[in-house]
Each structure stands twice: as C-alpha cells, then as structure tokens.
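>>> Take this sequence and fold it.
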Amino acid sequence: MKKIFLLTGIILIIAAGLGLLKWQLMTSEQATPKGQQRVVHIYNYGSYIDPALLTKFTQQTGYQVSYETYDSNESMMVKLQQGGSNYDLVFPSEPFVTKLAQDQLLAPLDHHKIHGLSHLDPLLLNQKFDPHNHYSLPYFWGTTGIMYNDQYFSKDDVATWQKLWAPKMKDQVMVIDAPRESMGMGLQALGYSENDANPAHIAAARQKLAALAPNVKAILNDEIRPYVNAGEANVSVAYSGVADYAHSLNPHIDYVIPKDGGSVWTDNMAIPKNAKNQAGAYAFINFLLDPKKCGPKRCLCGLFKSKLSS
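From the prediction side, this is the model:
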C-alpha cells in the first residue's frame, strides 16, 4: 500500500475509515449480455478511484458494481487465501501479484479479451514480477520517497533516507504501514539495494529501523496526508501520488526521491481464480483502458504514455 502513481487530474475521494467500504451502484441493465452475472465485485485500495467512474461504467455497460476497499496488500491477500470471497477484480501491488500467482489464486488473463493495451506505457509492461503480463496489467504507478514541509525542513534535510535518523527529526517522521517499503528504506539507508535478499543485510536493516523509533511520530497509511497537511508531522515516507495530492492542498508540501535510492512501483489489475463474473471483470478493465469512455485524466492516470518524474 501502496502505493500513486502520479495522481494529477484524478479526483480522489477519501474513504470513510480504513476498513471495508462498500456500496452498490444500481442502474440500467439493458447493456448486460443475457445469461451473465450482472454484478461485478471489485476489491481495491481505499481512495483509489473516483466513484463517478463506477456510475459511468454501469451506465455504459449495464453491469452493476459492488465495490469494497482494503488498506493493505496483506489484508487483501489474506481474504483471497481464506477463500469464499466472490471478488471478480483485485488490485495487488507487484510482489503480491507474484505471491498470488504462486498460490494459484489468480486466473491467467486472456489478452484477446482486453482492448486498449496500446494506451499503456511499455515501461510498465512485461516486468519480472509478471512476465508477459500473464496475470496482471498495471493500474497505477508511482515512486516512494520523502514528503516534507518546506517551512520546517529544507530539501537538503531530506536528501537521503539516512537523514531521517538525524536528531532534528525527533518525533517528526511519519512512516508508511507497509513492510516492504519500510525494509527497503532501511536497506537503502545502509547502502544496500531495496531488493537485497542477504539475511545479514536484512538483519542490519531491521536494527537500523529500530534505531529510528525516537524520530517516528506514527506509522499509518491513508491518514499520513492529512497529518502532514495539518502540521502534526513535517516529514513522511510517502507515495508520490499522496504527496502530489497533499501539495495541491498545501503548496509548502514537497516531495523528493532520496539520493540513496527510491523505488518505482505499480498496483495492478488481476482476476481471482474463483471469480464468478470474468466477463464483467474484463469489461471493467477495458473501460479503464479506454480514455474515450472514462476520460484520459480520470482512468489510469500516470499510465497513459507517461514518464517518470523525480
């Protein structure tokens, strides 16, 4: 969780709390093929789509949408592992695509049923976590870095991960509640790769993170942005989209990718193996991939022929 993606142009609606949020969109059914399920069950991160798009999808296709949200990849994965869920489309981050596929919890994608792949940036396709996009397609992408208030700290104060351990940062740092991002920060602060699998290096990173405790104000997910905007904390590990949205509300909020390393991530669309309405899932994927239907600034923001920014 995590993270967006460059969210410029997306209308973000903050979910009510971190738990499950669910609503039904009921409109015309005339466009739904006979004999198929009329409801598409979608499980996504909170604050990750404009609800107006769900209404528009229903109006255009006749499929109703049952939409639930989660606050972490881990909670989504547990739900699928437990079985009994009826989700037709989920949005795992890249390492969780691999895990879900290894556990045989995802259905292979039929690319013949998908339209609009040409709108996706090739940079984000055919990645190691899912070669040839066998199980997933990118939904949002972005970077992980440091968000800060320039009224209290300079860009040099947050130029590297290591500087988060400085005494001046005491009780000032918000950390994302995401194990991979936290461990990556610890590894990179020590000069290692975020993907380092050496047990000794991982143990050293764990100790490094423990030493950050005096500087940590809180460990949160979606609440980080309002805390920083309110001045409750002035530095935060953050996803680029969260920082972009925070900056739109407060121009003193800035964002950097640390010199000792950052990460590029994607959250992805995938169909669970036990999905009851694959036709509806493909319809939703195609809707998001079509800028003419949902609008290029409101669908996969950051995916349409975009470039990395720092």
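
>>> ok, the spatially closest residue to residue 169 that is not a sequence neighbour - contacts?
Computed as C-beta to C-beta, 6 or more residues apart in numbering, the closest residue to residue 169 that is not its neighbour in sequence is residue 215, at 4.3 Å. The C-beta positions use only the backbone N, C-alpha and C, and glycine is treated the same way. Shown in contact with residue 215 (C-beta atoms under 8 Å, 6 or more residues apart in numbering): 164-166, 169-173.

>>> can you give me the helices for the stretch 201-310 of the chain?
Remark: helices assigned in the stretch 201-310 of the chain by DSSP state H, counting those that start in this stretch are 224-229, 240-249, 278-288, 291-294.

>>> out of these, which comes closest to residue 75?
Ranking these by proximity to residue 75 (C-beta to C-beta) places helix 224-229 first, at 17.6 Å.

>>> how much space is there between the nearest residue to residue 290 once chain neighbours are set aside and residue 243?
Leaving aside its chain neighbours, residue 290 sits nearest to residue 116 (5.2 Å; criterion: C-beta to C-beta, 6+ apart). Distance, residue 116 to residue 243, using C-beta to C-beta, to the nearest Å: 28 Å.

>>> okay, these two: which has more neighbours?
Neighbour totals were compared for residue 116 and residue 243, and residue 243 leads with 28 against 19 (other C-beta atoms under 10 Å).

>>> hang on, the more buried one packs against residue 147?
Yes: under the criterion of C-beta atoms under 8 Å, residue 243 makes contact with residue 147 at 4.2 Å.

>>> which neighbours do the two share?
Residues touching both residue 243 and residue 147 (C-beta under 8 Å, 6+ apart): 253-255.

>>> now, which of these lie within strands?
Among those, DSSP state E puts 253-255 in strands.

>>> filter the contacts of residue 215 to the buried ones?
For these, a burial check counting by 16 or more other C-beta atoms under 10 Å picks out 164-165, 169, 172-173.

>>> Which residue is the nearest non-sequential neighbour of residue 184?
In space, residue 184 is closest to residue 194, 3.7 Å off (C-beta to C-beta, 6+ apart).

>>> That neighbour: what's it in contact with?
Counted by C-beta under 8 Å, 6+ apart, residue 194 has contacts 183-184, 187-188, 261, 263.

>>> again with residue 249
Residue 249 sits next to residue 229 when contact means C-beta under 8 Å, 6+ apart.

>>> Would you format the contacts of residue 194 as CSV with neighbour count included?
Listed next are these as CSV, based on neighbours: other C-beta atoms under 10 Å:
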residue, neighbour count
183, 17
184, 23
187, 26
188, 22
261, 19
263, 18
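
>>> Just the ones of these in strands?
Using DSSP E, residue 263 are the members of those that sit in strands.

>>> Of the contacts of residue 194, just say which sits nearest to residue 92.
Proximity of the contacts of residue 194 to residue 92 (C-beta to C-beta) peaks at residue 263, which lies at 16.1 Å.

>>> Now do the contacts for that closest one.
The contact partners of residue 263, taken as C-beta under 8 Å, 6+ apart, are 143-144, 181, 184, 194.

>>> Distance of it relative to residue 143?
Distance from residue 263 to residue 143, by C-beta to C-beta: 6 Å.

>>> ditto for residue 239
Using C-beta to C-beta, residue 239 is found at 7 Å from residue 143.

>>> hang on, the earlier thing: ok, the contacts of residue 263 vs residue 283, which is closest?
Comparing the contacts of residue 263 against residue 283 with C-beta to C-beta places residue 143 closest, at 30.8 Å.

>>> Residue 266 is in contact with that closest one, correct?
No: counting by C-beta under 8 Å, residue 143 stays clear of residue 266, with 10.8 Å between them.

>>> what is the mean pLDDT for the helix or strand hosting residue 200?
Per DSSP states H and E, residue 200 falls inside helix 199-210. Here helix 199-210 scores 96 as its mean pLDDT.
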